[in-house]
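# 3D, please:
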Amino acid sequence: MAVEISFKDFLKVLNLQVSFNRRFGYPKVFAVAFLKPEREELFSSLEKVIQEALRETDILTTIDGSIFLILPETDKKGAEFISRAIYDFFKGEIVEVYVDFPEDGKTAKDLIKTLEEKTKNKFGYFLEKYFRK
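Below is the predicted model of the structure:
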C-alpha cells in the first residue's frame, strides 16, 4: 500500500528523491506519474485500486480528481507495465502520463516540466496550475 502525502508536500518529496540519488545513488531510477479518470465518478475506484496495488515505498497524492505518483526504482519498462494494467482494468477511461528520472529530467523541476508538456501534448490537460504558484 502506497504512502499518501498532502499535495503541498509533493514537490518536497520529489526533490528529496533527486537528492537521495545525488548523494547515495539511490534510487537509480524512478517514475513520476499523472493519472486522471475520464469520468469523475471513477476517481474513488481509481484511487482505491492504485492505493492497494502500489508498494509501500511508492508515494501518492491527490488533487482536484487527479492522482500524482512517485514510484522509486521504477524504470520506463515498469511504468509502461503499470500503465497497461491500469488502462486495461479501467477499459481505457484513464488519462495517464509517466516521466522517468533521469531520462526525462535530472531535477524535480525538469521532471515536472516534462510531465506538464507530455500531459498537455497528449491530452490537453494543463498541470501548470498545480506547480507554478
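# Let's see the pLDDT reported for the residue nearest to the spatial centre of the chain.
Closest to where the C-alpha atoms of the chain average out (C-alpha atoms, centre = their mean) is Ala33, at 1.9 Å. Ala33 carries a pLDDT score of 95 in this model.
# Lys133 now?
At Lys133, the predicted lDDT confidence score is 63.
# All the strands of this protein, residue numbers only.
3-4, 30-37, 59-63, 66-72, 94-101 (DSSP state E).
# mind checking how far the second one is from the chain centre?
With C-alpha atoms, centre = their mean, to the nearest Å as the basis, strand 30-37 stands 3 Å off its chain's centre.
# That one pairs with which strands, parallel or anti?
Next to strand 30-37 in the sheet, as set by DSSP bridges, lie strand 66-72 (antiparallel), strand 94-101 (antiparallel).
# Format these as TSV; extra columns: distance to Arg84 and mean neighbour count.
To be clear about C-beta, it is placed using only N, CA and C from the backbone, and glycine gets the same treatment. Listed next are these as TSV, based on distance: least, C-beta to C-beta, whole Å; neighbours: other C-beta atoms under 10 Å:
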stretch	distance to Arg84	mean neighbour count
strand 66-72	15	22
strand 94-101	10	22
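# Out of those strands, flag the one nearest Glu41.
Closest approach to Glu41 among the strands paired with strand 30-37 (C-beta to C-beta): strand 94-101, 12.9 Å.
# Restrict the closest one to CA atoms and write it as CSV.
Written as CSV, here are the backbone C-alpha positions of strand 94-101 (Å, rounded to 0.1, in the frame of the first residue of the first chain):
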residue,chain,number,x,y,z
ILE,A,94,-8.0,6.8,-17.6
VAL,A,95,-5.6,9.6,-18.6
GLU,A,96,-2.1,8.6,-17.6
VAL,A,97,1.3,10.1,-18.3
TYR,A,98,4.6,8.9,-16.9
VAL,A,99,8.1,10.5,-16.9
ASP,A,100,11.3,8.9,-15.8
PHE,A,101,14.3,10.0,-13.8
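# low pLDDT regions in the chain?
Within the chain, the segments meeting pLDDT under 70 span 133.
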